[in-house]
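In: need a structure here:
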Amino acid sequence: MKRGPGVGVGLLERRAALFLALAAAGLFFVLYASSCCRGAYWQDSGIYVRSVYLLGNCYAPGYPAYLCSSYIFTALPGVGASAGVNFFSGVAGAAAAFFVVLAALKLYGAHGFGAAGAAVAALAVGSAPAVWAQATAAEVYTLSLALTAATVWLLLVWGGGPDDRPFFAAAFVYGLACGVHPQQAAFLPAYAAYAFWAGGRRMASLKVLSLAGAAFALALSAYLYLPLRSAAGVATDWGKPDNLRNFYYHVTGKAYRHELLAATPALVAARAKMAARLFLSQFGWLGLTAGVLGAAWLFRCRLKGAVLLFGASTAAVAFILNYYSANWRTWYMALYMAWALACGACVAWLCRRMAGRRFWPGAVAALASVAVAAATVPARFGPADRSDFPYAEEAAGNVLRVVGPRATYILSYEGSAVTGPLAALVTAGYARPDVYFVDAAGTRQFHDFFDLVGDKYRYMPAGASAGPYVDAFMALVRDRRRDYYMLYPFGPPRYYGYRYERRGRVWRLVPPGGRAPERDWWSLYRRRGVEPEPPPYVDYWTATYLGVQYVAECRDRARAGDDARAEFCLKSAERLGARAEKVQNSLGAYAEERGDLKAAAAHYRRALALDPTFRAARENLVRLYYRTGRPDLAAQESAVLTDFYPGE
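Out: Numbers count the residues shown, from 1 in each chain. This next block holds a predicted model:
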C-alpha cells in the first residue's frame, strides 16, 4: 500500500527529532562522564552512596525513586560504588538533555530552525554550571530535572488531544519525580492548570481522572520502599519509617517544616536579589536577553506551553524563596530548563523571521546561534570538573589505612559537612559499606547505638558526661570484634574537654587533664609524603568544602609551628573563598583570633556581599563592631538582622 506524503514527512521528522535528542544526550554524557568525581564527593554524596549500596533509607523525605533507580550503578564492573552513583547523576543529566530537545521541538516545530533552537536549549541547560556540577556527584537533582523535562514533553505531546495515553504517561512520570525530590509538589498546580485548559471538559471525566490518578499513585508507591526496607532491619535507616507515625514524619519532612513560609519580606527580597545574580551567572547577558525575547514569543504564540513552563518554574521560585535550603542554587533547575527553552524559542523565531524572504540568512543565523551556544561549553568545563577532587575518599582512606586494618576503634564526632579534620573521614565512611558505623545521634544513619547497648543510654540527661557512652561503646567494640567503628554521641566529646589520643593501634578519647595526643589527625589525613593541592578550577560547593578545610588546617598548622604549610593553606583558602561566603566567614574568624580585626571585618563584609542573608557572618560583624568601638555600624547591622530574623 502506498503511503501518503504526509506520513513520510512525519516519520522523517520524528526520526530527525530522535537523532537530535540522542546527539544532545550523547554529548552531555561524554562531558559529564569526563568530569565526574571518581570517589566520594562530600558528606551528602557519601550518604547517598551508602543508602543506595546497602538499599537502606536516606534522610527525609527518603528519595526512594532515586535510591532504587541508581542501585544498579553500584554494580558496574571495575567501578566502585561511589564512582558508580556519581556516574548515574551524569546519565540522568544526559537524559534531561534528551527530553529538553524533544520538548523544544514540540514547542517550536520539528523543522530546521526548530532543531537549531532545540540544540541551543539543550546546550544552555546542560552546560549551566549548577546543572553540570550536580551531574558529576551523587545527588538527586539531575534525575529530578530529567523527570521534569519528560513530564513537560509528555504533556506537550498530549496537548489536549483525543489520545490520552501521553497524559497518563505524564502522570506516571510525575509520580516518579515526586519520589525523587519533594520540590516536585510545587509543580502540581501548573500541571493541573495546563491539563484542564488543554483538555477542557473532558478532563472532568471520572474515567480520565481515575486513570491519571492510578498512574500517579502507582509511581508514587515507590515510597513503600522506605517502610519495607526499615522493617528488614537495614543498617542505614534514617527516621526508622517502619510504622505509620514515623513514615508520615519522615516522608513529609516534618522536621524541616518550621523553615517553610517563615521568611520575612525583607529576607525574601534579599534572597531574590541573590537568585537574580545566580541566574545571570548561569546564562550570561546574552542568554538573559535571548530568554526574554523567547519567553515573549512563547506567551504570544504558544501560550499554553508557556504557562506550563513558567507556571511550574514560578511556583518553584516562590517555594525556594520562602524555604531556604543550603542547596538553593540547584533547586532552580526547573527555571533553568524553562529559560533554556525560551532561549531556544528566540533562536527558532528569529531564524524563521530572517528566512521569511530568503532561506540562507536564516540558515546562517541558525548555525551561528548553535556555534555560539557550543562555544560557551568549554569555558564552563573547568568550574564543574570534579574528576580530581582531592579530599574525601583518598584522604580518609589514608586514615583508615594508617591506623591499621584490624581491631581499629575510631571514636569521633564531626557533625558539620564542612568543618574539622575528620570531615573527609566521615564522608568516605559513608561511602564505604565495609566500614561498620555505630550511630548515637538518633538519626539511624548507621547501626543504632541504643539498639545495640540498651535504651538506658538513650534517656541520659543532656548534661551528662561522655564517659558512660565511651565505656559502653568500647565494650561494644570488644564484643563484636569488627574492623572499623565510629561513634556519634549526642554532643562532640571535645565539648566535654575530651581529646583524641592514639594508644598503640587504637585511637581513644582522653578525658580532661589527660596528656596531649602524640600525633595530630592532619598527619593521618594526608597521603604519606604528599600534600595534595586544590584543583585550579572549582565550583561553589567544592570551593566551600575545601576552603573551610584549609582554614581549619591553617589554624592547626600554625599552632604546631608549621608556618610554611599554614601559609599555603591560608592562601589556598583565600583563593577558594573568592565566591564562597562560608570560607570568607571562616577566614574572618581566623583573622579575629590572630588579632587582625581590620582583616576580619573585611572578610565578614565579603561574606555578606556574596550572601546578604548569611546570618553567622552578620552576627560576627555586629560583635566585631561593638568590640572595636563602632556601635553605630553595629546597630545598622543589628537592624538588618532584625528585619531578616525577627524575634530571634
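
In: any regions of the stretch 201-350 of the chain where pLDDT drops low?
Out: 258-262, 324-327, 329 (pLDDT under 70).

In: which stretches in it count as helices?
Out: 206-220, 225-231, 244-251, 265-301, 303-322, 328-331, 333-354 (DSSP state H, counting those that start in this stretch).

In: burial-wise, tell me which of those comes out on top.
Out: Between the helices of the stretch 201-350 of the chain, the one whose residues have the most neighbours on average, counting mean count of other CB atoms under 10 Å, is helix 333-354 (a mean of 26). For glycine as for every other residue, the C-beta is placed from the backbone atoms N, C-alpha and C.

In: just checking, next helix/strand downstream of that one?
Out: Scanning forward in sequence from helix 333-354 by DSSP states H and E, the next helix or strand is helix 359-384.

In: that following helix packs against which elements?
Out: Where contact means 3 or more CB pairs under 8 Å, 6 or more residues apart in numbering; DSSP states H and E, helix 359-384 is packed against helix 112-126, helix 129-134, helix 333-354.

In: JSON lines for those helices, including distance to residue 569?
Out: Output for the helices and strands packed on helix 359-384, formatted as JSON lines (distance: least, CB to CB, whole Å):
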{"stretch": "helix 112-126", "distance to residue 569": "35"}
{"stretch": "helix 129-134", "distance to residue 569": "24"}
{"stretch": "helix 333-354", "distance to residue 569": "34"}
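
In: confirm for me that residue 569 is in contact with residue 546.
Out: No. At 10.2 Å, residue 569 does not count as touching residue 546 under the criterion of CB atoms under 8 Å.

In: could the helices of the stretch 201-350 of the chain go into JSON lines alongside distance to residue 185?
Out: JSON lines is the format used below for those (distance: least, CB to CB, whole Å):
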{"stretch": "helix 206-220", "distance to residue 185": "11"}
{"stretch": "helix 225-231", "distance to residue 185": "17"}
{"stretch": "helix 244-251", "distance to residue 185": "11"}
{"stretch": "helix 265-301", "distance to residue 185": "20"}
{"stretch": "helix 303-322", "distance to residue 185": "8"}
{"stretch": "helix 328-331", "distance to residue 185": "13"}
{"stretch": "helix 333-354", "distance to residue 185": "12"}
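
In: residue 58: which of these is closest?
Out: helix 225-231 (8.9 Å; CB to CB).

In: before we move on, back to that, looking at the helices of the stretch 201-350 of the chain, which is closest to residue 125?
Out: Of all these, helix 333-354 comes closest under CB to CB, at 3.7 Å.

In: out of the helices and strands packed on helix 359-384, nearest to residue 452?
Out: Among those, helix 129-134 comes nearest to residue 452, with 36.1 Å by CB to CB.

In: what comes up buried for that closest one?
Out: 129-134 (16 or more other CB atoms under 10 Å).

In: same question for stretch 581-599.
Out: For stretch 581-599, using 16+ other CB under 10 Å, the buried residues are 581-592.

In: look up how far residue 86 lies from residue 32.
Out: Spatial separation of residue 32 from residue 86 under the definition CB to CB, to the nearest Å is 9 Å.

In: more neighbours: which of those two?
Out: residue 86 (33 against 26; other CB atoms under 10 Å).

In: for the stretch 501-648 of the chain, just list every one of the strands.
Out: Counting by DSSP state E, counting those that start in this stretch, one finds strands in the stretch 501-648 of the chain at the ranges 506-510.

In: just the helices in it please.
Out: 521-525, 540-559, 563-576, 581-593, 597-610, 615-627, 631-644.

In: between those helices, which one is nearest to residue 368?
Out: Using CB to CB as the criterion, the shortest distance between residue 368 and the helices of the stretch 501-648 of the chain is 31.5 Å, found for helix 540-559.

In: extract the C-alpha trace of the closest one and format it as CSV.
Out: Once non-C-alpha atoms are left out, helix 540-559 reads as follows in CSV (Å, rounded to 0.1, in the frame of the first residue of the first chain):
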residue,chain,number,x,y,z
TYR,A,540,30.8,26.8,44.6
TRP,A,541,30.4,23.7,46.7
THR,A,542,33.9,22.4,46.1
ALA,A,543,35.3,25.9,47.0
THR,A,544,33.2,25.9,50.2
TYR,A,545,34.2,22.4,51.3
LEU,A,546,37.9,22.8,50.5
GLY,A,547,38.2,26.4,51.6
VAL,A,548,36.8,25.8,55.1
GLN,A,549,39.0,22.7,55.4
TYR,A,550,42.1,24.8,54.5
VAL,A,551,41.2,27.4,57.2
ALA,A,552,40.9,24.6,59.8
GLU,A,553,44.2,23.1,58.8
CYS,A,554,45.9,26.6,58.7
ARG,A,555,44.9,27.1,62.3
ASP,A,556,46.2,23.7,63.4
ARG,A,557,49.4,24.0,61.4
ALA,A,558,50.1,27.5,62.8
ARG,A,559,49.7,26.2,66.4
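
In: any idea of the mean pLDDT for that helix?
Out: Here helix 540-559 scores 79 as its mean pLDDT.

In: how about the closest residue to residue 599 other than its chain neighbours, what does it touch?
Out: Taking CB to CB, 6 or more residues apart in numbering as the measure, residue 599 lies nearest to residue 591, with 4.1 Å between them; neighbours along the chain are not counted. For residue 591, the residues meeting the contact criterion (CB atoms under 8 Å, 6 or more residues apart in numbering) are 597, 599-600, 603.

In: out of the residues you listed, which is nearest to residue 125?
Out: Among the contacts of residue 591, residue 603 lies closest to residue 125 (CB to CB), at 34.7 Å.

In: against residue 267, how distant is that closest one?
Out: Note on residue 603: its distance to residue 267, by CB to CB, is 23 Å.

In: surely residue 146 touches residue 95?
Out: Yes. Checked against CB under 8 Å, the pair residue 146 and residue 95 is within contact range at 4.1 Å.

In: where does the stretch 1-150 of the chain dip in pLDDT?
Out: 1-12, 42-43.

In: 80 instead?
Out: Across the stretch 1-150 of the chain, residues meeting the criterion (pLDDT under 80) sit at 1-14, 38-47, 78-80, 110-111.

In: ditto for the stretch 451-600 of the chain
Out: 451-543, 545-546, 549, 552-553, 556-557, 560.

In: what's the closest non-adjacent residue to residue 363?
Out: In space, residue 363 comes closest to residue 355 once its chain neighbours are excluded; the distance is 6.8 Å by CB to CB, 6+ apart.

In: neighbours around that neighbour, how many?
Out: A count of neighbours around residue 355, defined by other CB under 10 Å, yields 18.

In: closest to residue 242 out of the helices of the stretch 501-648 of the chain?
Out: Within the helices of the stretch 501-648 of the chain, the stretch nearest residue 242 is helix 540-559; the backing value is 33.2 Å (CB to CB).

In: buried ones in the closest one?
Out: In terms of neighbour count (16+ other CB under 10 Å), helix 540-559 has its buried residues at 540-558.

In: how close does residue 266 get to residue 612?
Out: Counting by CB to CB, the gap from residue 266 to residue 612 is 10 Å.

In: typo on my end, it should be residue 228
Out: For residue 228 relative to residue 612 (CB to CB), the value is 45 Å.

In: also residue 285?
Out: The spacing between residue 285 and residue 612, counted by CB to CB, is 23 Å.

In: neighbours around residue 120, how many?
Out: Count around residue 120 with other CB under 10 Å applied: 28.

In: distance of it from residue 289?
Out: According to CB to CB, residue 120 and residue 289 sit 13 Å apart.

In: do residue 233 as well
Out: Shown here: residue 233 relative to residue 289, a distance of 57 Å by CB to CB.

In: equivalent analysis for residue 104, please.
Out: Applying CB to CB, the value for residue 104 to residue 289 is 19 Å.

In: and the nearest residue to residue 317 once chain neighbours are set aside, what does it touch?
Out: Residue nearest to residue 317 in three dimensions, not counting chain neighbours: residue 335, with 6.0 Å by CB to CB, 6+ apart. Contacts were defined as CB under 8 Å, 6+ apart; by that measure residue 335 touches 279, 313, 316-317.

In: check contacts around residue 102.
Out: The neighbourhood of residue 102, defined by CB under 8 Å, 6+ apart, consists of 17, 21, 153.
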